[in-house]
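**Student:** dropping a prediction and its sequence here:
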Amino acid sequence: MANGDITHEDVEEFIILGRPFPAASATGMDEKSADSICDEINAEVNLALWRLGFSNPLASADNINWAKNTKKFGASSLILDGMLAQDTEEGNTRARRYWDRYLARLTQLINSGGDILDGTDKQTDPRPTNTPLLVGDGTGDGDKRYLRFPQRAAADQFTDEKATRESGAGWKGAIGGF
């Protein structure tokens, strides 16, 4: 699935229930409820990835695995919490550990600006956008010195075209214009 999206089958494997979710249940967790929780977690992580500039769907296998495992931690926590609400303290501790791990991974992703993942899935080419900032070239255009490479190249091209037009205007006027 795109971006390592998960379903109840992935969570069953992850939390090792020893039995599948029932197809329908009036009181406990069933497939439909588990899939609903998985959809919420999928959307939350996908939104974080999208806001950090990653494309949808992810292409890098490492990024997909990272996203899938993060989603498993989050969904498993909520599902375990729902299943074991009346159960042992050990089960609830496990759900809490999964939730803490989910939040830690999501926080690490956001705080790093996506740098913990491979940059190949960025919506823009990572090579020029990850180049260092260019420092001034001594021409006095200090406002351009903080632009990244693609923006700096566009600004320089505009400046060069403008200078060419201005310098050509004098000689064109002297010989009768064009």
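**Tutor:** Happy to help now that I have it. Numbering: from 1, shown residues only.
**Student:** who's in contact with whichever strand or helix holds R96?
**Tutor:** Per DSSP states H and E: R96 is located in helix 89-111. For helix 89-111, the external contacting residues (CB atoms under 8 Å, 6 or more residues apart in numbering) are 41, 44-45, 48-49, 52, 66, 69-70, 73-74, 76-78, 80-81, 83-85, 116-117. Glycine gets a C-beta too; all of them are placed from N, C-alpha and C.
**Student:** report the buried members of the residues you listed.
**Tutor:** 41, 45, 48-49, 52, 66, 69-70, 73-74, 76-78, 80-81, 83-84, 117 (16 or more other CB atoms under 10 Å).
**Student:** keep only those of the residues you listed that are in helices.
**Tutor:** 41, 45, 48-49, 66, 69-70, 73-74, 76-78, 80-81, 83 (DSSP state H).
**Student:** and those residues, which two are the farthest apart?
**Tutor:** L49 and M83 (28.1 Å; CB to CB).
**Student:** I figured I79 hits A34, correct?
**Tutor:** Yes. With contact defined as CB atoms under 8 Å, I79 and A34 form a contacting pair (5.5 Å).
**Student:** can you list residues touching both of those two?
**Tutor:** V11.
**Student:** in stretch 41-61, what's buried?
**Tutor:** Applying a neighbour-count criterion of 16+ other CB under 10 Å, one finds I41, N42, V45, N46, A48, L49, L52, F54, L58 buried in stretch 41-61.
**Student:** host element of D10?
**Tutor:** Using DSSP H and E, D10 falls in helix 8-15.
**Student:** sorry, back to before: in JSON lines: the buried residues of stretch 41-61, plus distance to H8 and pLDDT.
**Tutor:** Conversion of those to JSON lines gives the following (distance: CB to CB, whole Å; pLDDT from 0 to 100):
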{"residue": "I41", "distance to H8": "12", "pLDDT": "93"}
{"residue": "N42", "distance to H8": "12", "pLDDT": "92"}
{"residue": "V45", "distance to H8": "17", "pLDDT": "92"}
{"residue": "N46", "distance to H8": "18", "pLDDT": "90"}
{"residue": "A48", "distance to H8": "22", "pLDDT": "89"}
{"residue": "L49", "distance to H8": "22", "pLDDT": "89"}
{"residue": "L52", "distance to H8": "27", "pLDDT": "84"}
{"residue": "F54", "distance to H8": "25", "pLDDT": "84"}
{"residue": "L58", "distance to H8": "22", "pLDDT": "84"}
